[in-house]
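[1] Sequence and predicted structure, then a few things I'm wondering about:
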Amino acid sequence: MIGLIGKEIRMILRSLVFYVFILVACFFYFTEYAAEQTWSELRPPVMTEPQNMGSPEHPYYGWKQPGNTSELATQMRKEMGWDLDAGSTTKLRIGFPLESKLDKQEKAALTEAASKLDIILKASDKYTMEDVYKVSDGLNKQLGGSSMYKRGMDEFGFGIDNYEEAVKAQEQALVRYNEVVEAGELLPGAARYFCDYLALPAGIFPVFLSAFLLLRDRSSRMSELIYSRRVSSWTYVGSKFIALGIMLSLIYLVLAVAGGWQTVNALELKGQTPEAIFLFLGYTAWWLLPTVWASIAFGMFGSMLFRRGIVPIALQIVWWFISVLPLMGSYGLYKLIIRFNTPRDADLYKGWVDEIAINRSFYILLAVLLAAGTALLWERNRSQADSGRVRGNKTSARKAKTAAGDAS
């Protein structure tokens, strides 16, 4: 089997689509992750003189996230009031945010949650931000578990309308950044951010290679020769699956090494290159590679099931669109890729780590099962081809016998 894997790797290296995949992966890396915008998000906040970007009548000094219990409860309470007035709220439907009309029970749940926040606001110094989030957690559960009140779905930010608040917001941002650094969460956050962007090509482009991997032999009229040999279906299909998985995985692992090294250099973190590379490789192996291998297996399975490579490609595109949104917080088993579009929010990540682990484990298992299913389908096709040849041989023999009898 090792010999077959080596042969398949050489075939992949001669494929133009493989090099297109490399270019696409590198494009996402250099434009989405290894870019100045990313480094500015990972560097300490810059303390500058706040400027009024609005008008004297309506000053605007920027946008900030809630930094204490009162601010979070106030913004969340406003959101609940708007939903009650509108009679609807935003929910996620197959990954997309859509307005959903509130029924009687949901209105009652919103009203109850708003009342709880009113109590907190009357003595906000006695409560924590976690207490506020617990109110939204309970509400989200009553709304079906996929509302914008789920943690991470809405940050409940608000505009700053005076100079003093703008200065205070900058100071709070610097304090939060230092807390992230002291907690050792800067590099893990960068690794998650890297995986978020690189997951986009990983969730769609491998199928363009795998969907035609087994059909290639049929188009080159090699199927009959291969079917006639007693090569195991597991060996034949497995060698192609493993070879393509290895080659595509290597691309991401190389980019992970580059990402860890470049992140340390950009942030001027002396002596942390080995740690960064280890983290980037770990997150890549756990977050990205299950997506890559599952996409490969899906393309191979679909091509054998439908006898057309375009069908699994079309299905993969739909699957990809369903998985792209939201940018974080949704990790159901139908989500092919993991989205966590922020280098911060380690607490949110820790709250979702179990969901992510279940999702990734599922796709590892799915990749293996689809590969096994592909081998069974390939064996079925070979059995049908063998039966066809036997029938063809019998028919030819009968015709030859008839012709001989007529001649005599």
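    Now that the structure is in, tell me what you want to look at.

[2] can we go C-alpha only for contacts and neighbour counts from here?
    Noted.

[3] in this structure, which segments are predicted with low confidence?
    Applying pLDDT under 70 to the chain flags the ranges 95, 217-230, 384-408.

[4] Let me know the helix or strand that the residue nearest to the spatial centre of it is in.
    Centroid-nearest residue in the chain, with CA atoms, centre = their mean: residue 337, separated by 2.1 Å. Counting by DSSP states H and E, residue 337 is held by no secondary-structure element, helix or strand.

[5] Verify the contact between it and residue 198 for me.
    No. Judged on CA atoms under 8 Å, residue 337 makes no contact with residue 198 at a distance of 9.8 Å.

[6] Next, show the common contact partners of those two.
    Both residue 337 and residue 198 are contacted by residue 288, under the criterion CA atoms under 8 Å, 6 or more residues apart in numbering.

[7] what about the strands in the protein?
    Counting by DSSP state E, the chain has strands at residues 63-64, 88-93, 96-101, 158-159.

[8] what sits against the closest residue to residue 91 other than its chain neighbours?
    Spatial nearest neighbour of residue 91, chain neighbours left out: residue 147 (4.2 Å); criterion: CA to CA, 6 or more residues apart in numbering. Shown in contact with residue 147 (CA under 8 Å, 6+ apart): 89-92, 140, 153.

[9] try 10 Å this time
    89-93, 97-100, 136-137, 139-141, 153-154 (CA atoms under 10 Å, 6 or more residues apart in numbering).

[10] what's the answer for residue 96, then?
    90, 321-326.

[11] For the residues you listed, which single residue is the most surrounded?
    residue 323 (24 neighbours; other CA atoms under 10 Å).

[12] That one and residue 329 touch, don't they?
    No. Contact criterion CA atoms under 10 Å: residue 323 and residue 329 do not qualify, at 11.6 Å.

[13] Mutual contacts of these two, please.
    The contact sets of residue 323 and residue 329 overlap at 338-339 (CA under 10 Å, 6+ apart).

[14] how long is stretch 45-57 from one end to the other?
    One end of stretch 45-57 to the other measures 28 Å (CA to CA, to the nearest Å).

[15] neighbouring contacts of it?
    With contacts defined as CA under 10 Å, 6+ apart, stretch 45-57 is touched by 40, 58-62, 160-167, 170-178.

[16] Now do the buried residues in it.
    Within stretch 45-57, the residues scored as buried using 16 or more other CA atoms under 10 Å are 45, 50, 52.

[17] Please determine how far the last one is located from residue 286.
    Using CA to CA, one obtains 45 Å as the distance from residue 52 to residue 286.

[18] follow-up on the earlier one: pick out the most distant pair among the contacts of residue 96.
    90 and 321 (19.3 Å; CA to CA).

[19] can I see the domain layout of this protein?
    The chain breaks down by automatic domain parsing into domains covering 2-39+184-389, 66-156.

[20] Of the ones you listed, which stretch is the most buried?
    domain 2-39+184-389 (a mean of 19; mean count of other CA atoms under 10 Å).

[21] how far does it sit from the chain's center?
    11 Å (CA atoms, centre = their mean, to the nearest Å).

[22] Contacts only, for residue 102.
    Shown in contact with residue 102 (CA under 10 Å, 6+ apart): 83-84, 86-90, 108-110, 143.

[23] Go through those residues and name the one nearest residue 311.
    residue 90 (33.3 Å).

[24] For the residue lying closest to the closest one once chain neighbours are set aside, which residues are in contact?
    In space, and not counting its chain neighbours, residue 90 is closest to residue 99: 4.5 Å by CA to CA, 6+ apart. Residues near residue 99 by CA under 10 Å, 6+ apart: 87-93, 147.

[25] out of the contacts of stretch 45-57, which are inside helices?
    Under the assignment DSSP state H, the contacts of stretch 45-57 contribute 40, 163-167, 170-178 to helices.

[26] I'd like the distance between the residue nearest to the centre of the chain and residue 39.
    Distance, residue 337 to residue 39, by CA to CA: 24 Å.

[27] Equivalent analysis for residue 323, please.
    26 Å.

[28] do the same with residue 33
    For residue 33, the distance to residue 39 - CA to CA - is 8 Å.

[29] Give the intersection of the neighbour lists for those two.
    190, 263.

[30] and which of the contacts of residue 102 is nearest residue 249?
    Nearest member of these to residue 249, counting by CA to CA, is residue 90, at 37.6 Å.

[31] check contacts around that closest one.
    So residue 90 contacts 83, 96-102, 143, 146-149 (CA under 10 Å, 6+ apart).

[32] swap the cut-off to 7 Å and go again
    Going by CA atoms under 7 Å, 6 or more residues apart in numbering, residue 90 touches 97-100, 147-148.

[33] Residue 63 now?
    Residues counted as contacts of residue 63 (CA under 7 Å, 6+ apart) are 157-160.

[34] Just list whatever residues bridge to it.
    Residue 63 has the following beta-bridge partners by DSSP bridges: residue 159.

[35] Can you give me the distance of it to residue 53?
    Note on residue 63: its distance to residue 53, by CA to CA, is 11 Å.

[36] I'd guessed residue 64 sits against residue 158; true?
    Yes. Using CA atoms under 7 Å, residue 64 makes contact with residue 158 at a distance of 5.8 Å.

[37] Who has more neighbours out of those two?
    Per other CA under 10 Å, whichever of residue 64 and residue 158 has more neighbours is residue 64, with 18 against 14.

[38] Would you check how far apart that one and residue 20 are?
    Computed with CA to CA, the distance linking residue 64 and residue 20 is 41 Å.

[39] Fine by me, we can end here.
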